[in-house]
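1. Okay, here's the prediction I keep looking at, along with the sequence it came from:
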Amino acid sequence: MEKVIDASPQQVFDVLADGWTYSDWVVGTAHVRDVDDAWPRVGSQLHHRAGPWPFSLQDASTVLLSEPPHRLVLRAGLWPAGEAIVTFTLDPVGDGATRVRIGEDFAAGPLRWIRTKLNDVVLHLRNRETLNRLSDIATRQTDKR
């Protein structure tokens with residue numbers, strides 16, 4: 001899934017680097033409980049709740065790779081459902097725009113074992129909306145500068 005955002009790679013990465021905004025743009029994240037001071041350095045964590053109340057689950061996402069402003073790879077936990085590896089790739093295009101690609105794959109747990117076409121469609125729609133929300137925040141930040 002990809003989207004061209006009318007903001008520089010650094011401006012988009014700045015949103016990724018602000019862990020407190022994740023519940024604003026990551027579809028399914030209901031609440032950010034805490035963000036390590038080192039976020040988004042490798043090994044740092046963002047502690048979150050995902051899913052609707054009262055069924056939301058507490059877990060954390062861990063940075064596996066951070067190459068500002070071009071790449072961020074996270075292990076997103078949602079146990080007992082499982083975990084996913086989420087990759088954000090940011091490439092400059094045109095004059096000040098960024099092509100943002102998001103890749104997500106279930107890495108462990110029941111979600112990995114029950115993958116279906118329906119899950120793929122839901123994940124596709126979720127990631128499209130996530131990129132739309134990320135774009136809204138990144139371009140809003142651009143407007144303020």
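-> Received it, and whenever you're ready, just let me know what you need.
2. Can you give me the buried ones in stretch 93-107?
-> Using 16 or more other CB atoms under 10 Å as the burial criterion, the residues of stretch 93-107 that qualify are Ala97, Thr98, Arg99, Val100, Ile102, Glu104, Phe106. Glycine gets a C-beta too; all of them are placed from N, C-alpha and C.
3. Could you do stretch 30-50 as well?
-> In terms of neighbour count (16+ other CB under 10 Å), stretch 30-50 has its buried residues at Val32, Val35, Asp36, Trp39, Pro40, Ser44, Gln45, Leu46, His47, His48, Arg49, Ala50.
4. contacts for stretch 66-74?
-> 8-10, 12-14, 16-17, 40-42, 61-65, 85-91 (CB atoms under 8 Å, 6 or more residues apart in numbering).
5. Do you have the strands of this protein handy? List them.
-> 2-5, 29-35, 45-50, 57-67, 71-77, 83-93, 97-108 (DSSP state E).
6. Which among those strands is found nearest to Leu131?
-> Distances from Leu131 to each of those were compared by CB to CB, and the smallest falls on strand 2-5, at 4.1 Å.
7. Run through who's touching the closest one.
-> For strand 2-5, with CB under 8 Å, 6+ apart as the criterion, the contacting residues are 12, 93-94, 97-102, 128, 131-132, 134-135, 138-139.
8. Nearest to Ala76 among the residues you listed?
-> Ile102 (11.5 Å).
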